[in-house]
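S.K.: Okay, here's the prediction I keep looking at, along with the sequence it came from:
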Amino acid sequence: MAQFLSTKIFDGFSCVFRQHAAEDTHCKFLHGYGVSFKLWFEGDLDERNWVWDFGGMKRAKGKIDGMNPKEWFDYMFDHAMLIAEDDPYIKAFQQMGEAKVAQVRILPAVGAEKFAEFIYNKVNPFIVEETKGRIRVAKVEFNEHNKNSAIYIPTPFSLN
């Protein structure tokens, strides 16, 4: 793969979640964060000498879960309640969504590390398809309040 990297920060999101398995900490309770994430794009330069067009998410032709990327980021992380699919109170949270008192999003798992992995798994296939395999997402960093972060780096690297 090429030796070029570029980065893009996506910020301004507010969401709430809990770590239901964290029985011995206050993280077992619902709590909210201002979150952001940074994506590293790796690949060959295009005809403009860019790895990734920083405004490319707005102009993208491809979709993530049927939405353009900006809509998907907003849907998933802006004023949303992120709930792990194995949370023992999932039905109660789903009822809050049905009652329209929360925008509930069910994910495979929650926490900064798992959010970074989740974003990678959703965005990388989109990027690979959008660029016809010219670039990929090399890693994703998920930040909580700019104080805590977790980074997901796929191993082994793959264009899929």
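M.R.: Yes, it's here.
S.K.: Show me the helices in the protein, by range?
M.R.: In the chain, the segments counted as helices under DSSP state H are 56-59, 69-77, 90-98, 112-130.
S.K.: Return the helix or strand in this structure with minimum mean pLDDT.
M.R.: helix 56-59 (a mean of 82; mean pLDDT, DSSP states H and E).
S.K.: What residues of that helix count as buried?
M.R.: Using 16 or more other C-beta atoms under 10 Å as the test for burial, helix 56-59 gives M57. No exception for glycine: its C-beta is placed from N, CA and C like everyone else's.
S.K.: Identify the residue nearest the geometric centre of this structure.
M.R.: Ranked by distance to the mean C-alpha position of the chain (C-alpha atoms, centre = their mean), the top residue is I119 at 2.9 Å.
S.K.: any idea how far G56 is from the residue lying closest to it once chain neighbours are set aside?
M.R.: Leaving aside its chain neighbours, I119 sits nearest to V140 (4.9 Å; criterion: C-beta to C-beta, 6 or more residues apart in numbering). Distance of V140 to G56, given as C-beta to C-beta, to the nearest Å: 16 Å.
S.K.: Highest mean neighbour count out of the helices of the chain?
M.R.: helix 112-130 (a mean of 20; mean count of other C-beta atoms under 10 Å).
S.K.: Alpha carbons of that helix, as CSV, please.
M.R.: Only the C-alpha atoms of helix 112-130 are listed here, as CSV (Å, rounded to 0.1, in the frame of the first residue of the first chain):
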residue,chain,number,x,y,z
ALA,A,112,-14.9,3.7,23.2
GLU,A,113,-13.0,0.7,22.0
LYS,A,114,-16.0,-1.0,20.5
PHE,A,115,-17.3,2.3,19.0
ALA,A,116,-14.0,2.8,17.2
GLU,A,117,-14.3,-0.8,15.9
PHE,A,118,-17.9,-0.3,14.9
ILE,A,119,-17.1,2.9,13.0
TYR,A,120,-14.3,1.2,11.2
ASN,A,121,-16.5,-1.8,10.2
LYS,A,122,-19.1,0.6,8.8
VAL,A,123,-16.9,3.2,7.2
ASN,A,124,-14.1,1.2,5.7
PRO,A,125,-16.2,-0.8,3.2
PHE,A,126,-17.8,2.4,2.1
ILE,A,127,-14.4,4.1,1.6
VAL,A,128,-13.0,1.1,-0.3
GLU,A,129,-16.1,1.0,-2.6
GLU,A,130,-16.2,4.8,-3.0
